[in-house]
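Engineer: Sharing a model that was predicted from the sequence below.
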Amino acid sequence: MDAQTQLPTGPVPELRIAATIPEDGSKVLVTTWAGRKSGFTGKVWLWLPPQYAEPRYARSGFPVLIALPGGPGFPVNYWMDRNLKLEASIARWSKDGSSLPFILAMPVLNPQTDGKEGLYWDGSDIPGQPRMGTWLTEDVPDLVRSAFRTIKSRDGWAFMGSSTGGFAGLKAVLQKPDRFKAVIAGGPDLLPDSRLWQGHPREKLENSPPWLAQRLIDRNGPEVYLAFQVGTKGSDIRCRPQIEKFIAQYGSGPVKTRLHIDEGGGHNARTYVPGMHDGALIQWVSAHMRGPVPAP
């Protein structure tokens, strides 16, 4: 067995079939997970790439991509929707060699619906609130490790997301580069902006990607790989200058960056899934991560 393989730690949670991917018959699974570290209990959807069941990889760990949605991010994570074709795309790309065969983990992003007020938790541990940062970066990985073969080092762990989910994934990688190596962020926010931060300026700053990126540069690592994409329509028109400014200011030293402009695309998942491949983002991230090792 490869030395970097982490065998399932158990106990394996109850996993139910939530959807079938029509392209290959693979299943999207779902469970309700009680996070021991955050204290939050929520749903997580999971998908295994076809290679996971191949005999040659039976004793090998697989990389994990934690996919975070935009919008309310509750009570479902829209990346589990087979119509968005995230799972089918990863399967296809991993077969042609342009992507690693990632396990997908798709947790709820917020602890409740945002209703009509646009309330978000910024994927963070806001004082006095459900600890959504710990949920995303510790409890969700613990769930994946309990049930599946994974990779021990940060070389096997990354995020992807759109809009608020892109912000949460970006921030997680910058905040915990010892645990995560890369992110693909589509049209992300770049600053924490939840009104729940009111009265907590220090904690808000400590969850700000620019502040975190500068801190990582100042201590010279470890290296992280930040892949951005943004469309040319709708609200992504406003996102683009902010992303380009962030890359210009912080894309140096250990902070590696890449940007893809989705020509004709908008601020939505249907733009960002094909953009991951068309912009060579999934290829770039995969090249800097670790995949499963076949048996000799």
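Structural biologist: Good, I have the coordinates. A quick note: this is a predicted structure, and the numbers were derived from the prediction, not measured.

Engineer: just checking, Thr113 is part of a strand?
Structural biologist: No - counting by DSSP: H, G, I helix; E, B strand; the rest coil, Thr113 is not found in a strand; it is coil.

Engineer: So the residue most central in space within the chain: helix, strand or coil?
Structural biologist: The chain has Phe159 as the residue nearest its centroid, 2.2 Å off, counting by CA atoms, centre = their mean. At Phe159 the chain is in strand, as set by three-state DSSP.

Engineer: what are the phi and psi values for the closest residue to Leu68 other than its chain neighbours?
Structural biologist: Using CB to CB, 6 or more residues apart in numbering and skipping residues adjacent in sequence, the residue nearest Leu68 is Gly165, 3.1 Å away. Every residue, glycine included, has its C-beta placed from N, CA and C. The phi/psi pair for Gly165 (degrees, to the nearest 10) reads phi -70, psi -30.

Engineer: neighbours around Gly165, how many?
Structural biologist: Number of residues near Gly165 (other CB atoms under 10 Å) recorded here: 31.

Engineer: separation between it and Gly97?
Structural biologist: 27 Å (CB to CB, to the nearest Å).

Engineer: Repeat that for Arg179.
Structural biologist: 27 Å.

Engineer: And these two? Which one has more around it.
Structural biologist: A direct count of neighbours by other CB under 10 Å for Arg179 and Gly97 places Arg179 higher, at 14 against 9.

Engineer: wait, isn't that one in contact with Thr137?
Structural biologist: Yes - counting by CB atoms under 8 Å, Arg179 does reach Thr137; the two are 6.5 Å apart.

Engineer: picking up where we left off before, okay, the residue nearest to Leu68: pLDDT?
Structural biologist: Here, the pLDDT recorded for Gly165 equals 97.

Engineer: what's the answer for Asp218, then?
Structural biologist: For Asp218, pLDDT reads 97.

Engineer: if we can go back for a sec, quickly find the element holding the nearest residue to the residue nearest to the centre of the chain once chain neighbours are set aside.
Structural biologist: Leaving aside its chain neighbours, Phe159 sits nearest to Gly169 (3.1 Å; criterion: CB to CB, 6+ apart). Using DSSP states H and E, Gly169 sits within helix 164-175.

Engineer: cool, Asn207 as well?
Structural biologist: Counting by DSSP H and E, Asn207 is part of no helix or strand.

Engineer: Equivalent analysis for Val230, please.
Structural biologist: Counting by DSSP H and E, Val230 is part of strand 224-231.

Engineer: so the helix or strand following that strand versus strand 224-231, what angle?
Structural biologist: Counting by DSSP H and E, the next helix or strand C-terminal to strand 224-231 is helix 236-250. Counting by axes from the mean of the first three to the mean of the last three CA atoms, to 10 degrees, helix 236-250 lies at 150 degrees to strand 224-231.

Engineer: Okay, angle between helix 236-250 and helix 164-175 too, please.
Structural biologist: 10 degrees.

Engineer: Could you look up the next helix or strand downstream of helix 236-250?
Structural biologist: Next element after helix 236-250 (DSSP H and E): strand 255-262.

Engineer: in that following strand, what counts as buried?
Structural biologist: Buried residues in strand 255-262, counting neighbours by 16 or more other CB atoms under 10 Å, are found at Val255, Thr257, Arg258, Leu259, His260, Ile261, Asp262.

Engineer: For that strand, which helices and strands make contact with it?
Structural biologist: With contacts taken as 3 or more CB pairs under 8 Å, 6 or more residues apart in numbering; DSSP states H and E, strand 255-262 sits against helix 209-218, strand 224-231, helix 236-250, helix 269-278, helix 281-287.
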